[in-house]
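Asks: Let me see the structure of the following:
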Amino acid sequence: MENTEKHPLIEKQIYIRNMIGSCCVRYLKSVFEKNNIHVLAISPGEALIAYHTLEMNERQLAALLDQEGFGLILSREKRIVEQTKRTVIELIHELNNLNSIVQKSDYLVEKLGLSYQQISKLFSKHEPITLERFIILNKIERVKELLLSDDFTLSEIAYMMDYSSVQYLSNQFKKETGYSVSDYKKEELNLKKNLDELY
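Replies: Next up is the predicted model:
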């Protein structure tokens, strides 16, 4: 077997599709390490890696990520779309919508450094749904979680998730899930979807 020391170690910043949250970071780090790819830095959506050209090339790297349900992002526009998804998920699932203090549009504009119109247009160009729809689907998933946790009243959940009223939340929940809020809670249904499989 040829000695890899003779071959250069390539250091590369890569951007990764469907890499949402810390569990994906841990999983992908172990996948890289099993495939002799050195992880220099990794966070949701991106990684700084190093590998020997004898053992890996960009095509093999792309195939490895695809095989694991991720994907290599090569264009700037697609990177922005992926960053938009992560920002929406962070706002809704991790920050609980900042208790409605920050509007979703302002938060996205601040994080991405683009106007809301630009972000929305890019999202629709590269995804099969609109940004507004993506936000709604994430809000419904978070509401499902909050309903089953029993930590908040429906009024508090509506406020946290930036609904103008409990009625509006209830109507949207029924439309999206087929269940009323009370039935969902009473039956203790757990119909949560993975965040990378909402559509």
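Asks: mind listing what I129 touches?
Replies: Residues near I129 by Cβ atoms under 8 Å, 6 or more residues apart in numbering: L137, Y199. Heads up, the C-betas are built off the backbone N, CA and C, glycines and all.
Asks: Try it again at 10 Å.
Replies: Contacts for I129 (Cβ atoms under 10 Å, 6 or more residues apart in numbering) come out as F123, I136, L137, L198, Y199.
Asks: Ok, K175 next?
Replies: Contacts of K175 by Cβ under 10 Å, 6+ apart are I136, I140.
Asks: a helix runs through it, doesn't it?
Replies: Yes: assessed by DSSP: H, G, I helix; E, B strand; the rest coil, K175 belongs to a helix.
Asks: where's it relative to D66, distance?
Replies: Distance of K175 to D66, given as Cβ to Cβ, to the nearest Å: 34 Å.
Asks: same question, E58
Replies: E58 is 13 Å from D66, by Cβ to Cβ.
Asks: In this structure, where's the longest strand?
Replies: Ranked by residue count and defined by DSSP state E, the top strand of the chain is strand 9-17.
Asks: Now do the contacts for the closest residue to V109 other than its chain neighbours.
Replies: In this structure, V109 finds its nearest non-sequential neighbour in Y116, 5.5 Å apart by Cβ to Cβ, 6 or more residues apart in numbering. Residues in contact with Y116 (Cβ under 10 Å, 6+ apart) are Q103, K104, S105, D106, Y107, L108, V109, L131.
Asks: neighbour-wise, which of the residues you listed leads?
Replies: Highest neighbour count within the contacts of Y116: L108, with 24 neighbours (other Cβ atoms under 10 Å).
Asks: hmm, back to that, closest to C24 among the contacts of I129?
Replies: When the contacts of I129 are ranked by distance to C24 (Cβ to Cβ), L198 comes first, at 15.0 Å.
Asks: count of neighbours near the nearest residue to the closest one once chain neighbours are set aside?
Replies: Spatial nearest neighbour of L198, excluding adjacent residues (Cβ to Cβ, 6+ apart): L137 at 4.5 Å. The tally of other residues near L137 (other Cβ under 10 Å) stands at 18.
Asks: distance of L137 from L131?
Replies: Distance from L137 to L131, by Cβ to Cβ: 11 Å.
Asks: which residues do these two both contact?
Replies: Here L137 and L131 have V88 as joint contacts, going by Cβ under 10 Å, 6+ apart.
Asks: can you pull the contacts of Q117?
Replies: Per Cβ under 10 Å, 6+ apart, neighbours of Q117: S105, V109.
Asks: Check what pLDDT it gets.
Replies: Confidence at Q117, expressed as pLDDT, is 94.
Asks: Distance of it relative to S105?
Replies: 10 Å.
Asks: Kindly report the same for Y116.
Replies: The gap separating Y116 from S105 is 4 Å, by Cβ to Cβ.
Asks: try V181
Replies: With Cβ to Cβ as the criterion, V181 and S105 are 26 Å apart.
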